[in-house]
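> I would like to see how this sequence folds:
(chains A and B)
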Amino acid sequence: MRRKQKKRSVQQRVFVVLAVLVLVLGSLNIAKAKGLLIPEQPALAIENNVIHLADLTLEQKIAQMVIVHGGLYNKEAFKSMQIGGIHLFALQDGELYKDTINQFQTDMQIPFFVSSDLEGCLNPFSNFFSSPAARSISTIEQAFEKGKTDGAFLKELGFSLNFAPVVDLDDQIWRCRSFPGNAEHITELARSYSEGLQGEGILATAKHYPGKTLVVNDPHKVLVSAEISSQDLLPYEQLIPGEDVGSIMVSHIIVSGAVDSSGVPSVVSLPVVGNLKEQYGGLIISDDTMMLGLRNFYDSVDELYVAVFRAGNDLIINFDEDPLEIYRMIQVVSAAVERGEISEEQIDASVRKILTAKGFKVE
Amino acid sequence: MFSERRYAIFNVALILAAVLLALNLFNIHLPSVGQAQSFFDTEEPSCLVDWQGEQTQWYDLDSCCLQARKQLSCEPEVGGWDCGAGSDTVHYVLNDKAYRYCQRQSFWP
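Predicted coordinates for the structure are as follows:
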């Protein structure tokens, strides 16, 4: 007996079409959120710990220059892009940190830099680890001990980079982030802290070049400016020659005086970053690029991306939560290199420094 | 299975869902209720840096948002939010307007 076919009404047919459409769009949104729409970078031929720069695509090189916020929800996308570093915000306990870092590092040919903001009174691990505030440190021995203790703790969790010590001379906002004393004493404490930290295998970061970042607090301006004195620069002048710190972080403030950013934020200023680069062979790190003050300085975010790379920063922090935006930044910078707005030699020099700091021999 | 009227209701709901999903896919953001709330809230956004009970007003709201985002949690309190990672670290105290502003930043999930 022939089965009688039931005829579907228009509403029923529309329902089926819409349901399929919603399912497809939903799946695409999930894929987008997980970064599955981002193409995976090719595997590298690394032998005997030697990396040939010529083997890296331009996108791979630019990706190595980026530090993002690492969370388990976005790890696959950042792993596919072969991003250079992840920064971890506060988590519940040490095991969660270890697990997160382990999941990021697994199967990576070039490991991520893993950074934190362990300063003392700024302490994302405060839930389970105590660290004295920089303000309470007065002797070189105390500074060394703090660096050693912080370094051993970070190493144990799997970190490789710490955004400390602060060498700003005066902290009028937090009142706990700067070491006490005059510029010379602060420099000595920062050097000693860095020695302790780096002795444990954690790169230290002197911040925020060229100074006065913790002083300026102007309610009328999104982006602030400051007059830099020779005293502000003293810690850098004394830490740079011996490369006592593995990296230096450049701030967003517009500066004049002993250092002049020519009316633009320090982090995108060729004179500021360029001069620093001439004196200093370590890594130069930008402060987070997604700050509104910095973004509003340009007509588009793309211009900002190009400017921050062109200025000469080796590692660029971008904490945008969307992996697709990070991928877009890499594309934008890649296009700028191809147009000749940023030289590939400059990118190569930064990547060489990054890979060397990660323990590779670069040819 | 269902009446024609029910199918019509489902279809309208599905059209709305499809439009929202398409907008999200192409990064087109509609003004949210939060922004409307902010618009009508005449209070100035405020961020206080709190270190062991000593509080300082911090006018760089973007940086304050980023620091707040880096904390373990933001807990609601009277008139605002307290963001911190434990008792032994700096806390950031934001009023509602500042907190709503922070939630719209690209580094906020």
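
> which one is residue A:230 nearest to, not counting chain neighbours?
residue A:258 (5.0 Å; C-beta to C-beta, 6 or more residues apart in numbering or on different chains). Any C-beta I mention is one placed from the backbone N, CA and C, and that applies to glycine too.

> next one: residue A:256
residue A:227 (5.7 Å).

> in which helix or strand does that neighbour reside?
strand A:225-228 (DSSP states H and E).

> quick one: that strand to chain centroid distance?
24 Å (C-alpha atoms, centre = their mean, to the nearest Å).

> buried set for it?
A:225, A:226, A:228 (16 or more other C-beta atoms under 10 Å in any protein chain shown).

> burial count for the residue nearest to residue A:230?
If you count neighbours by other C-beta atoms under 10 Å in any protein chain shown, residue A:258 ends up with 15.

> is it in contact with residue A:237, as I believe?
No. With contact defined as C-beta atoms under 8 Å, residue A:258 does not reach residue A:237; the gap is 10.1 Å.

> could you list the buried residues of stretch A:165-180?
Of all the residues in stretch A:165-180, those buried under the rule 16+ other C-beta under 10 Å are A:165-169, A:171, A:173-179.

> what about the residue nearest to residue A:256, distance to chain B?
18 Å (C-beta to the nearest C-beta, to the nearest Å).

> again with residue A:93
With C-beta to the nearest C-beta as the criterion, residue A:93 and chain B are 10 Å apart.

> same check, this time on residue A:87
Counting by C-beta to the nearest C-beta, the gap from residue A:87 to chain B is 9 Å.

> where does chain B have low pLDDT?
For chain B, residues meeting the criterion pLDDT under 70 lie at B:31-39.

> biggest helix in it by residues?
helix B:4-25 (DSSP state H).

> for the one helix or strand residue A:79 maps to, name the packing helices and strands.
For residue A:79, the host element (DSSP H and E) is helix A:75-81. Secondary-structure packing of helix A:75-81 (3 or more C-beta pairs under 8 Å, 6 or more residues apart in numbering or on different chains; DSSP states H and E): helix A:94-105, helix A:323-338.

> the chain: strands as residue ranges?
I went with chain A, as the question did not name one. Per DSSP state E, chain A carries strands over the ranges A:50-51, A:66-69, A:85-87, A:113-116, A:161-162, A:203-209, A:225-228, A:247-250, A:254-257, A:283-286, A:316-317, A:361-362.

> actually chain B
According to DSSP E, the strands that chain B contains are B:47-51, B:54-57, B:73-77, B:80-84, B:91-95.

> list the residues that contact the closest residue to residue A:58 other than its chain neighbours.
The shortest distance from residue A:58 to any non-neighbouring residue, by C-beta to C-beta, 6+ apart, is to residue A:334 (5.1 Å). Residue A:334 sits next to A:58, A:59, A:62 when contact means C-beta atoms under 8 Å, 6 or more residues apart in numbering or on different chains.

> against residue A:242, how distant is residue A:334?
For residue A:334, the distance to residue A:242 equals 36 Å [C-beta to C-beta, to the nearest Å].

> which intervals of the stretch 101-250 of chain A have sub-threshold pLDDT?
Checking the stretch 101-250 of chain A against pLDDT under 70 turns up A:216-223.

> neighbours of whatever residue of chain B ends up closest to chain A, just the number please.
Nearest residue of chain B to chain A, counting by C-beta to the nearest C-beta: residue B:86, 3.0 Å away. Burial of residue B:86 is recorded as 17 neighbouring residues (other C-beta under 10 Å).

> what's the neighbour count on the residue of the stretch 101-250 of chain A found nearest chain B?
Nearest residue of the stretch 101-250 of chain A to chain B (C-beta to the nearest C-beta) works out as residue A:126 at 3.0 Å. Residue A:126 sits with 22 neighbouring residues when counted by other C-beta under 10 Å.

> ramachandran angles for it?
Per-residue torsions, residue A:126: phi -50, psi -30 (degrees, to the nearest 10).

> would you check that it makes contact with residue B:86?
Yes. The criterion here is C-beta under 8 Å, and residue A:126 meets it with residue B:86 at 3.0 Å.

> direction included, what does the strand holding residue A:227 pair against?
Counting by DSSP bridges, the strands paired with strand A:225-228 are strand A:254-257 (parallel).

> quickly list the domain ranges of chain B.
Using automatic domain parsing, the domain ranges for chain B come out as B:1-30, B:42-109.

> which of those domains sits most buried?
Mean neighbour count (mean count of other C-beta atoms under 10 Å in any protein chain shown) peaks for domain B:42-109 among these, with a mean of 18.

> list the contacts of the residue nearest to residue A:196 when sequence neighbours are not counted.
Nearest residue to residue A:196, sequence neighbours excluded (C-beta to C-beta, 6+ apart): residue A:147, at 2.6 Å. By C-beta under 8 Å, 6+ apart, the contact set of residue A:147 is A:165, A:192, A:193, A:194, A:195, A:196, A:197, A:198, A:199, A:200, A:204.

> please name the nearest non-neighbouring residue to residue A:102.
Closest to residue A:102 by C-beta to C-beta, 6+ apart is residue A:158, at 6.8 Å.

> my guess is that neighbour meets residue A:113, correct?
No. At 11.2 Å, residue A:158 and residue A:113 do not qualify as touching, with contact defined as C-beta under 8 Å.
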